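>>> curious how this folds, go ahead:
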Amino acid sequence: MPEETTIQLSVLNKITDKEKSSVLRMVKFIGHGYHNRRIDSNFIKRAGLEPRYKINFSDCIIFLSPCFKLPWDNYIAVLAFVEKEGEVLANTYYISASHALWTYLPGVNPTGKASDEALFFDKGHGEGFNGAGQSLFPDDEFQLALFENLYAEKPLIINQEHYPTHRILASTAPKKWNDNEYYDKTNEKPYQVAGCIYTKWKKLAPEIVIPTKEDERPVFDNLLASWSVSEVGLYEDGLIYEVFPSKNGILRFLFARDPHNRFAACLHVSVVAGKRELTGLKEIFVAAADLTTPLYEHYKIDVNPATFAGFVQREYMDHNDRKNKGRYRGMYGRYLSQVPVIQEYLQARGNNSK
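All right, here's what the predicted structure looks like:
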């Protein structure tokens, strides 16, 4: 049995007034704003979104605002002010409804209707067909810190008339798909987990979704970190998150299961090495294709698989397991429950669903 090890957990520390003033004086907003109306440090102060906590990483410091609610389907967001090499950049992160992970916002449509949530969620290098949507999820250490911040204080409900959140999003992220810090610094070509590759517009059969290199498989008797949340995204009963290393020590696997071990998923895989950029993300992301299928997938009524990159074969959706007024369909019953790595994970954690 491998020796039990632990990662260095990111602990939130309250910042001093001097640090807060320094961050607000130095911070840059790279977005164009909503209809060219941008926010600034004074807006941040008046809205109650000044940084209150910080996380120290080896190559940067990340300051976090209180969490706040977005006006679409109870989304929760936070501002992350990343200080690195004499610069401070304001970034927005939000909790993905389906993946139940904190997600970086790389771009927005700054001129559309403020009521249209789809305008504000750029999916990065290319969600679905090549796994690049995974490039927006921070690594497990930053995820943990963001969840700690979520529970440090009750999320703010911001006055939309005076401090509209769509202006915040459009000021911290540039126009969709434009050159910016994310597209310039995050490698478009991922670290590819062997055997876990995308096939065009088609999911792999669940029985064969497994890393083909033995040393890239997770070690389930070496729990690196774990935390739980009471409610997140589509999961009213909460989730337990657990992190495991690969056998070669290069990768970390972030799994999540419900408190009763009835279902589980591998939500994200990240590299241990790699520098952290001003976005808060590491420069290298991991593509593990269908291994990182979430517990719920977005259901489209009229999908043309030739044009919709996030197309999911409906034969794998559990149409009796619906969330958010039917917009999401369950992926555990017909797909994830048959993925060998998920089966091994639940068995290792004491599956009591039978």
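>>> I figured residue 254 was touching residue 264, is that so?
No - contact criterion CB atoms under 8 Å: residue 254 and residue 264 do not qualify, at 11.5 Å. The C-beta positions use only the backbone N, C-alpha and C, and glycine is treated the same way.
>>> look at residue 212 and report its pLDDT.
Per-residue confidence at residue 212 stands at 95 (pLDDT).
>>> how would you label it: helix, strand or coil?
Classification of residue 212 by DSSP: H, G, I helix; E, B strand; the rest coil places it in coil.
>>> that one: neighbouring residues, count only.
12 (other CB atoms under 10 Å).
>>> doesn't residue 195 make contact with it?
Yes - using CB under 8 Å, residue 212 is in contact with residue 195, at 3.1 Å.
>>> so what touches stretch 40-52?
Under the contact criterion CB atoms under 8 Å, 6 or more residues apart in numbering, stretch 40-52 has outside partners 14-15, 19-20, 23-25, 27, 29, 63-66, 68, 79, 81, 152-153, 156, 158, 162-163, 168.
>>> hmm, residue 77 and residue 149 touching each other?
No - contact criterion CB under 8 Å: residue 149 and residue 77 do not qualify, at 11.4 Å.
>>> need the residues touching each of the two.
residue 67.
>>> looking at these two, which is more packed in?
residue 77 (26 against 22).
>>> specify the local secondary structure of the more buried one.
Applying three-state DSSP: residue 77 is strand.
>>> wait, what's in contact with it?
Contacts of residue 77 (CB under 8 Å, 6+ apart): 67-70, 92-95, 105, 165, 169.
>>> what comes up buried for stretch 97-114?
The neighbour-count criterion (16 or more other CB atoms under 10 Å) identifies 97-110, 114 as the buried residues of stretch 97-114.
>>> sitting in strands, which of those do you find?
Of those, the ones assigned to strands by DSSP state E are 102-104.
>>> between those, which sits nearest residue 203?
Nearest to residue 203, judged by CB to CB, of these is residue 103 at 21.4 Å.
>>> OK, contacts around the closest one?
By CB under 8 Å, 6+ apart, the contact set of residue 103 is 93-96, 136-137.
>>> is it in a bridge, and if so with what?
Assessed by DSSP bridges, residue 103 has beta-bridge partners residue 94.
>>> any idea how far residue 248 lies from residue 216?
Computed as CB to CB, to the nearest Å, the residue 248 to residue 216 distance reads 7 Å.
>>> if I look at the residue nearest to residue 99 when sequence neighbours are not counted, what pLDDT would I see?
Excluding the flanking residues, the one nearest residue 99 by CB to CB, 6 or more residues apart in numbering is residue 294, at 4.6 Å. Residue 294 is assigned 91 on the pLDDT scale.
>>> what of residue 202?
77.
>>> could you double-check that it sits in contact with residue 313?
Yes - contact criterion CB under 8 Å: residue 202 and residue 313 qualify, at 6.5 Å.
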